[in-house]
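Undergrad: Take a look and give me a structure for this.
(2 chains)
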Amino acid sequence: DTGVSQDPRHKITKRGQNVTFRCDPISEHNRLYWYRQTLGQGPEFLTYFQNEAQLEKSRLLSDRFSAERPKGSFSTLEIQRTEQGDSAMYLCASSLVQGTGEQYFGPGTRLTVT
Amino acid sequence: EDQVTQSPEALRLQEGESSSLNCSYTVSGLRGLFWYRQDPGKGPEFLFTLYSAGEEKEKERLKATLTKKESFLHITAPKPEDSATYLCAVQGLYSGNTPLVFGKGTRLSVIA
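TA: Residues are numbered from 1 along each chain as shown, chains lettered A, B, ... in the order given. Below is the predicted model of the structure:
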């Protein structure tokens, strides 16, 4: 039984560079979510997909952020022209549409922008 | 707007010293209230879902309860391995099966 996986686990980049993160959800889960967590805070919702369709985006998701789930399986989150304020843990979660609501999280990708 | 407030921010217990963590919430129709455990540098680990006032769920030394305005996570005779941040989240009935709104968490330290 494999859970949600994320890659890379850690990423250090210089301000202005682009970065891309990958998330592989639990195989039978059709909903996939991206959250961002900073130190001392709970996770904050960024966006979610049902199958390949992106159904909702938070106002936190600036134009520099883009997410895809091209075949309804894995997802990528890209941040263009990174800023120091983008430094955070990026968490991916998945769930079933007809499930009981709980979302299962991956280990996260820690982004540090220098 | 859905909101979650957790208290205390941090809690230090001696091994075996039982206590409770609080999660107060406001939501326009509760679909579910969720408790997660998060270890440093890791993603949140699902613990419980509660759906209606009066509901209780237990797992080992943890018991979660729910009222119309708050939830409690009771920790009975904690051990050092229970040290973690405990997160509470709500899902609104009218937002569908979508985003969870989290509190900031309670950092629990259990000292041997």
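Undergrad: My read is that residue A:40 contacts residue B:106, right?
TA: No. The pair residue A:40 and residue B:106 fails to qualify as a contact (C-beta atoms under 8 Å) at a distance of 11.6 Å. Every residue, glycine included, has its C-beta placed from N, CA and C.
Undergrad: more crowded one of these two?
TA: residue B:106 (20 against 10; other C-beta atoms under 10 Å in any protein chain shown).
Undergrad: any idea how far chain A is from the more buried one?
TA: According to C-beta to the nearest C-beta, to the nearest Å, residue B:106 stands 11 Å off from chain A.
Undergrad: Identify the residue spatially nearest to that residue, adjacent ones excluded.
TA: Ranked by C-beta to C-beta, 6 or more residues apart in numbering or on different chains and with sequence neighbours excluded, the top spatial neighbour of residue B:106 is residue B:21, at 4.6 Å.
Undergrad: One more: residue B:17?
TA: The shortest distance from residue B:17 to any non-neighbouring residue, by C-beta to C-beta, 6+ apart, is to residue B:78 (6.9 Å).
Undergrad: same thing with residue B:13?
TA: Of all residues not flanking residue B:13 in the chain, residue B:110 sits nearest, at 5.1 Å (C-beta to C-beta, 6+ apart).
Undergrad: for residue A:42, same thing?
TA: Residue A:42's closest residue in space is residue B:102 (C-beta to C-beta, 6+ apart), at 3.0 Å.
Undergrad: my guess is that neighbour meets residue B:91, correct?
TA: No. The pair residue B:102 / residue B:91 is not scored as a contact, 10.6 Å apart, by C-beta under 8 Å.
Undergrad: Report the secondary structure element holding the most centrally placed residue in chain A.
TA: By C-alpha atoms, centre = their mean, chain A has its centre lying nearest to residue A:34, at 3.3 Å. Residue A:34 belongs to strand A:31-37 when assigned by DSSP states H and E.
Undergrad: Paired strands for that strand, with orientation please.
TA: strand A:44-50 (antiparallel), strand A:88-95 (antiparallel) (DSSP bridges).
Undergrad: Pick the most deeply packed of those.
TA: Among the strands paired with strand A:31-37, ranked by average contacts under mean count of other C-beta atoms under 10 Å in any protein chain shown, first place goes to strand A:88-95 (a mean of 24).
Undergrad: quick one: contacts of the following helix or strand past it?
TA: Using DSSP H and E, the helix or strand that follows strand A:88-95 in sequence is strand A:104-105. Counting by C-beta atoms under 8 Å, 6 or more residues apart in numbering or on different chains, strand A:104-105 makes contact with A:3-4, A:26, A:29, A:35, A:43, A:91-95, B:36, B:43-46, all of which sit outside it.
Undergrad: And strand A:104-105, how far out from the chain middle?
TA: 11 Å (C-alpha atoms, centre = their mean, to the nearest Å).
Undergrad: what lines up beside it in the sheet?
TA: By DSSP bridges, strand A:104-105 pairs with strand A:88-95 (antiparallel).
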